[in-house]
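Participant: A structural model of the following input is requested.
(one chain, ligands or ions: 1)
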Amino acid sequence: MITIISSTNRKNSVSKQVALQYQEILQELAIESTIIDLEHLPSDFITSALYENQGTNVDFNPIRDHMKEAQKFVFIVPEYNGSFPGILKTFLDALEFPGTLKGKKCAMVGLSSGIQGGVMAMSHLTDIFNYLGMHVMAAKPKLTRVNGLMEGGKITDESSIRRLKDQAQAFIDF
Ligand SMILES: Cc1cc2nc3c(=O)[nH]c(=O)nc-3n(C[C@H](O)[C@H](O)[C@H](O)COP(=O)(O)O)c2cc1C
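Facilitator: Numbering: from 1, shown residues only. Model prediction:
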């Protein structure tokens, strides 16, 4: 079982579309997955799931518990201001520390409307995950100028699809 995280709370995000497509790729490889979409974090998450309120938000707790139980994650990471979205860091800050991610494994896919494809976003996130003791797979596809790779809400660019499929297979074996 793999947990795919769509790492933004922006409505109708491209990240969500890529997360759904990644789920299909895993399905084709006979691997079950579930998606955590940060768009659906409880609306009072920032004021009632952090710091002194850790573990007390009944709507967030099932997500927090899922993150504790899950062993493998794929983060779909859009590039926001040259890094990953702030909501993702806030989400990580709301997880039980230490231990939620320690010794676990993750893969990342970066995407941007510009030319970087989230390369710095994934680098920043890799630093954090390594600090937390999570193993990050080296293959990190970068979907640059992502809108040009898509049609009808799906990636149609053959070489991008191939990189996602190769990564998914490698992550299953990771
Ligand atoms: C707050 C914000 C900051 C952004 N910063 C960048 C950026 O630094 N570089 C870039 O290429 N695209 C940037 N974008 C565009 C996103 O990369 C683009 O929206 C892409 O589709 C992935 O984000 P999405 O999952 O929210 O759709 C930004 C978008 C937002 C909402």
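Participant: from here on, contacts and neighbour counts on C-alpha atoms
Facilitator: Noted.
Participant: So which helix or strand of the chain has the lowest pLDDT on average?
Facilitator: The weakest-scoring helix or strand in the chain, judged by mean pLDDT, DSSP states H and E, is helix 45-48 (a mean of 93).
Participant: And that one, what's buried?
Facilitator: Residues of helix 45-48 classed as buried: 45, 48 (neighbour count, 16 or more other CA atoms under 10 Å).
Participant: Can you give the contact residues for that helix?
Facilitator: Helix 45-48 is contacted from outside by 54, 56-57, 60, 90, using CA atoms under 8 Å, 6 or more residues apart in numbering.
Participant: rerun at 7 Å
Facilitator: Residues outside helix 45-48 that contact it (CA atoms under 7 Å, 6 or more residues apart in numbering) are Asn57.
Participant: Stretch 50-60 now?
Facilitator: Outside stretch 50-60, the residues that reach it (CA under 7 Å, 6+ apart) are 42, 48-49, 61, 94.
Participant: Could you tell me which residues within stretch 155-164 count as buried?
Facilitator: For stretch 155-164, burial by neighbour count (16+ other CA under 10 Å) applies to 155, 160-161, 163-164.
Participant: quick one: the spatially most central residue of the chain from the ligand, how far?
Facilitator: Geometric centre of the chain, nearest residue: Phe75, 2.0 Å, by CA atoms, centre = their mean. To the ligand, Phe75 is 12 Å away according to CA to the nearest ligand atom, to the nearest Å.
Participant: swap in Phe91?
Facilitator: 16 Å.
Participant: That residue sits in which helix or strand?
Facilitator: Element membership for Phe91 (DSSP states H and E) is helix 86-93.
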